[in-house]
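what follows is a predicted structure for the sequence shown.
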Amino acid sequence: DAKTTQPTSMDCAEGRAANLPCNHSTISGNEYVYWYRQIHSQGPQYIIHGLKNNETNEMASLIITEDRKSSTLILPHATLRDTAVYYCIVRALHAGGTSYGKLTFGQGTILTVHP
Amino acid sequence: DAGVTQSPTHLIKTRGQQVTLRCSPKSGHDTVSWYQQALGQGPQFIFQYYEEEERQRGNFPDRFSGHQFPNYSSELNVNALLLGDSALYLCASTPRGTDTQYFGPGTRLTVL
């Protein structure tokens, strides 16, 4: 499976944009980038995913570099409720890829939003 | 429409006992995956069920087994419990025809 590297922790002021980076330099052509977050003691929450184009939904934007070796999750206006562990996951969506089916979580980035 | 539900919320067992955890996927979801999350760690994939068959399995011993029922709900069984099995057990379901997993709130298992 392609590995991901994320900073251990980040801080953000409430109301500002939170930009969470992820490195996935060994990503394969059939692997997508997924982002989940986990608020303390709750189940992980799906945020967004993408292959090579930038994606946006009601929660966040995902920017993937042209070579696909890194990506950034953007929370445009962070609130205190966005304080959580954010996981960047690379995963194949087609049978035959070694990461097909399962999600492989790393340690993630602890994002703390300050008032 | 209810999301993914799991029962029980909390459970305390002693070493050597057996436990069964339950998961009800969201309506329209047909695939169920199970994860174990030890304190301070990210979730670890146990196995995935689709069409009542185990489709993929992570690096967990045979003490961990599962089942999926015709209504897509699922059970996780753990035999001969060890202290190290204490963890948050998460179930995730996937909508039919897609690949995104949506997680339930988890079951907190404590083994004494």
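Received, thanks.

switch to C-alpha atoms for all contacts and neighbour counts from now on
Fine.

pull up the residues of chain A that are close to chain B.
A:42-46, A:93, A:101-108 (CA under 8 Å from any CA of the partner chain).

residue in chain B nearest to chain A?
Nearest residue of chain B to chain A: B:P105, at 4.5 Å (CA to the nearest CA).

thought that residue was touching B:Q6?
Yes - with contact defined as CA atoms under 8 Å, B:P105 and B:Q6 form a contacting pair (6.8 Å).

joint contacts of those two?
B:C91 (CA atoms under 8 Å, 6 or more residues apart in numbering or on different chains).

rewinding a little: where does the residue of chain B closest to chain A sit: helix, strand or coil?
coil (DSSP: H, G, I helix; E, B strand; the rest coil).

now do the contacts for it.
Taking CA under 8 Å, 6+ apart as the definition, contacts of B:P105 comprise A:42-43, B:4-6, B:90-91.

how about B:S93: what's its closest non-neighbour residue?
The spatial neighbour of B:S93 that comes closest, neighbours along the chain excluded (CA to CA, 6 or more residues apart in numbering or on different chains), is B:V32 at 4.4 Å.

which pLDDT value belongs to A:T104?
For A:T104, the pLDDT comes out at 92.

all the strands of chain B, residue numbers only.
Secondary structure of chain B (DSSP state E): strands at B:5-7, B:10-13, B:19-24, B:29-37, B:44-50, B:53-57, B:64-68, B:74-78, B:87-95, B:102-103, B:107-111.
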